[in-house]
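**Q** Here is a sequence together with a model predicted from it:
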Amino acid sequence: MANITLISVGTLKEGYLKEAVAEYKKRLSQYARVDEINIKEERIANEDDASEVRRALDAEGERIIASIPKGSGKIALCVEGKQYDSPALAGLIGRMADESGKITLIIGSSHGLADKVKRECDVRLSVSALTFPHQLMRVVLFEALYRSFTILAGKKYHK
């Protein structure tokens, strides 16, 4: 059984999103152990100040890197990442689970991820060319993980 860790900046606030994440985590539990680590989002007084945004991303990045389980395959969700269809993502997840048994996925703040976090990761993943709120992305990601594991198990969930 794989160990999945989701590290994300900020916390889920809306009840309906919490319920959706809980449902997919429950479904995933037959295939993997799932942990979530929430990193506190840095305050940015002036979002138009690039140096202040960079400082915030770097501070979040330090905490993210410190939270990554040792020996884990690491996937950064970022706009410049590679897009996979569901079977290809399942293949990637399957390979990473076979290699180390541990996979860590990282979602940054609305400003993204620090470059040092992206460099630390083995894969850069873009779920879509569309932009999604970071809280909603957790739901989308957990559904994609569940779909990946059902594909690997030969289940009919993926059509």
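**A** Looks like it arrived, so ask away.
**Q** so who does Asp98 touch?
**A** Taking Cβ atoms under 8 Å, 6 or more residues apart in numbering, we find Asp98 in contact with no residue. C-beta coordinates here come from the backbone N, C-alpha and C atoms, glycine included.
**Q** pLDDT value on it, please?
**A** Looking at Asp98, its pLDDT is 96.
**Q** again, but for the one 10 residues further on
**A** Note for Gly108: predicted pLDDT of 95.
**Q** and what of Ala129?
**A** Ala129 carries a pLDDT score of 89 in this model.
**Q** Hmm, it is touching Lys82, no?
**A** No: with contacts counted by Cβ atoms under 8 Å, Ala129 stays clear of Lys82, the gap being 11.7 Å.
**Q** Low-confidence stretches in the protein?
**A** 158-159 (pLDDT under 70).
**Q** And the longest strand that the chain contains, what's buried?
**A** The strand that spans the most residues within the chain, counting by DSSP state E, is strand 73-82. For strand 73-82, the neighbour count (16 or more other Cβ atoms under 10 Å) marks Gly73, Lys74, Ile75, Ala76, Leu77, Cys78, Gly81 as buried.
**Q** same question, stretch 140-149
**A** Residues Leu141, Phe142, Glu143, Ala144, Leu145, Tyr146, Arg147, Ser148, Phe149 are the ones in stretch 140-149 that count as buried (16+ other Cβ under 10 Å).
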